[in-house]
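Engineer: sequence and predicted structure, then a few things I'm wondering about:
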Amino acid sequence: MNRTIPRQDHTLRRMTAGAMLAAVIALTTAYLFHIPVGGNGGYIHIGDAFVYLAGSLLPAPYACAAAALGGSLADLLSGSPIWLPATVVIKPLNVLCFTCRGERLLCRRNLAASAASGLVTIGGYYLAEALLVGSWVAPLAAIPSGLFQPVGSCAAYLLLAGALDRAGLKKRLSPLL
C-alpha cells in the first residue's frame, strides 16, 4: 500500500523522533557510562554517539534541536549547568557534520563526520573553558583527557550505526521521517 503522508504528519513525526532522541541523549550522557575525567568537570559518556545518530537520521533542524536539548538536559541532570551555554552551541555544530541523506547510516561522509565532530567538541569546549577561566593556556591541560570522549563516541556510533544498518532501520524509517 503506497500512501502519501501529509506534510504535517512528517513534521510531527520528525519532532517526535527528535524529542525521543533528545531524551536518549540526555540519559546516556548524564547517567549511562558517565565517567568523570580531568579536573574541569568533564566526563566520558556515550551520549554523543546518539547525537551523531540524530544527525544521521533526521533533517538538520530536528537533529540540531534534539542534540541541543538532550545535551543541555544532561548538563543540568549531571550537576554541570555552567557548561550549558557551550553545549547549546557545540552539540548542534556536531550534528551539522553529518548527513541524513542516503540509505545507510554509515556512509563515507558520516565516517568522516564522526572525526570532524570530535574536533568540534574538543575545540568548542576548549574555547568555552578558556572563556570561563579567563585563560587560553589553562584549558590546554584538559585536552589530553578530553580526547577520550570523541574517540569513545566515534567507536560507539560506528558500532550502533553498523548494527542499525544491518537491521535495515533507515530504510524502514525513511517513509515515515
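Structural biologist: Thanks, I have it.
Engineer: where does the spatially most central residue of the chain sit, in terms of helix or strand?
Structural biologist: Centre of the chain computed as the mean C-alpha position; nearest residue by CA atoms, centre = their mean is Val51, 1.9 Å away. Here Val51, judged by DSSP states H and E, is contained in helix 47-57.
Engineer: show me what the helix or strand following that helix is packed up against.
Structural biologist: Per DSSP H and E, the first helix or strand lying C-terminal to helix 47-57 is helix 60-77. Contact here means 3 or more CB pairs under 8 Å, 6 or more residues apart in numbering; DSSP states H and E; on that basis helix 60-77 packs against helix 7-30, helix 47-57, helix 84-96. No exception for glycine: its C-beta is placed from N, CA and C like everyone else's.
Engineer: Leu160 contacts Ala49, correct?
Structural biologist: Yes - the pair Leu160 and Ala49 qualifies as a contact (CB atoms under 8 Å) at a distance of 5.7 Å.
Engineer: out of these two, which sits in the busier spot?
Structural biologist: More crowded of Leu160 and Ala49, by other CB atoms under 10 Å: Ala49, with 24 against 18.
Engineer: that one: what's it in contact with?
Structural biologist: Going by CB atoms under 8 Å, 6 or more residues apart in numbering, Ala49 touches 28, 153-154, 156-157, 160.
Engineer: now it. Nearest residue, chain neighbours left out?
Structural biologist: Leaving aside its sequence neighbours, Ala49 sits nearest to Ala156 (CB to CB, 6 or more residues apart in numbering; 3.7 Å).
Engineer: state the helix or strand in which that neighbour lies.
Structural biologist: helix 148-166.
Engineer: residues contacting that helix, please?
Structural biologist: 37, 42-53, 56, 104-106, 110-111, 114-115, 117-119, 121-122, 170.
Engineer: repeat for stretch 88-101
Structural biologist: Outside stretch 88-101, the residues touching it (CB under 8 Å, 6+ apart) are 48, 51-52, 54-60, 63-68, 70-72, 107, 109-110, 113-114, 116-117, 120-121, 124-125, 128.
Engineer: buried stuff in that stretch?
Structural biologist: Using 16 or more other CB atoms under 10 Å as the test for burial, stretch 88-101 gives 90-100.
Engineer: any idea how far the longest helix that the chain contains is from the chain center?
Structural biologist: Ranked by residue count and defined by DSSP state H, the top helix of the chain is helix 108-133. Mean-position distance between helix 108-133 and its chain equals 11 Å (CA atoms, centre = their mean, to the nearest Å).
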